[in-house]
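**Q** mind folding the following:
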Amino acid sequence: VVLRSQSYVTHISVSPKDADAVKQARADIEDLRRNIAQKKLKGANDQVHDLYLQLSRSLEVLGQSAKAYQYVSAVLAQNPKNNEALFREASLFESLAPTSDALVAWREALERDPTRSASYEHIANITEYTLRDPQQANGIYVEGLVRGGNSLALMRSYADFLERQGEKSTALLYWQAIAQKDPKDENAQNHV
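**A** Model (predicted):
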């Protein structure tokens, strides 16, 4: 869907909330494009890939996900095993078309680096909200907690998920574990 729509959509614009972030992203884009041109002239293509990924992040801040995807796909065309590009691709798929394609991209990226707990949260959110499958989302959270080493961020997301599903007693156990790991977490204390 994304690839077909790129020929029709040249610019996807979303009004970002923070004007300073927009200003900074625009300045970064100009600097990155200048650096890319210089690196290409020097023949340093390996360094161009890193700049492409940075450029895709800045374009995404401006809401130009389709353009950002073009740069990420250029990196993946040259190096299909680039972990950072795989995670960027999954993130862009999620913003452009949060469907099973985004799930496939996140899964592929996770297989490269299964310790990134934030990725499990993305997969679980797509599964819960877009595909409307809370049982599978629950399994994804558990998998992320096991493979990711019980990160606090994922534990918070899972506890919120459990509350939404009506699993108050299990959610309470997670909130207590979070409060024990991070005693300064007022949110966890409030939930307990």
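
**Q** so how far is the longest helix along the chain off the chain centroid?
**A** Taking DSSP state H as the criterion, the chain has its longest helix at helix 19-42. With Cα atoms, centre = their mean, to the nearest Å as the basis, helix 19-42 stands 22 Å off its chain's centre.

**Q** that helix packs against which elements?
**A** Under the contact criterion of 3 or more Cβ pairs under 8 Å, 6 or more residues apart in numbering; DSSP states H and E, helix 19-42 touches helix 45-61. Placement of C-beta: from N, CA and C, glycine included.

**Q** the closest residue to Gln189 other than its chain neighbours and Leu172: what is the separation?
**A** Among residues not flanking Gln189 along the chain, Ala179 sits closest, at 5.6 Å (Cβ to Cβ, 6 or more residues apart in numbering). Look at Ala179 and Leu172: by Cβ to Cβ, to the nearest Å, they are 10 Å apart.

**Q** Provide the secondary structure category for Ala63.
**A** One thing to correct before we go on: residue 63 is Gly, not Ala. Put simply, Gly63 is coil when judged by DSSP: H, G, I helix; E, B strand; the rest coil.

**Q** by mean pLDDT, point me to the weakest helix or strand of this protein.
**A** helix 2-6 (a mean of 47; mean pLDDT, DSSP states H and E).

**Q** so what's Thr10 scoring on pLDDT?
**A** Among the per-residue scores, Thr10 holds a pLDDT of 38.

**Q** nearest to the spatial middle of the protein, which residue is it?
**A** Ser91 (3.9 Å; Cα atoms, centre = their mean).

**Q** would you mind checking the average pLDDT for the helix or strand encompassing that residue?
**A** Per DSSP states H and E, Ser91 falls inside helix 83-96. For helix 83-96, the mean per-residue pLDDT is 82.

**Q** for it, packing partners?
**A** Using 3+ Cβ pairs under 8 Å, 6+ apart as the test, helix 83-96 ends up in contact with helix 45-61, helix 65-78, helix 100-112, helix 117-125.

**Q** how about a cut-off of 6 Å?
**A** If you count contacts as 3 or more Cβ pairs under 6 Å, 6 or more residues apart in numbering; DSSP states H and E, helix 83-96 packs onto helix 45-61, helix 65-78, helix 100-112.

**Q** got those helices as JSON lines, with mean pLDDT, mean neighbour count and distance to Asn187 columns?
**A** Formatted as JSON lines, the helices and strands packed on helix 83-96 follow (pLDDT from 0 to 100; neighbours: other Cβ atoms under 10 Å; distance: least, Cβ to Cβ, whole Å):
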{"stretch": "helix 45-61", "mean pLDDT": "84", "mean neighbour count": "19", "distance to Asn187": "27"}
{"stretch": "helix 65-78", "mean pLDDT": "85", "mean neighbour count": "20", "distance to Asn187": "30"}
{"stretch": "helix 100-112", "mean pLDDT": "78", "mean neighbour count": "18", "distance to Asn187": "26"}
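
**Q** what about the ones you listed, which gets the closest to Arg147?
**A** Nearest of those to Arg147, taken as Cβ to Cβ: helix 100-112 at 8.4 Å.
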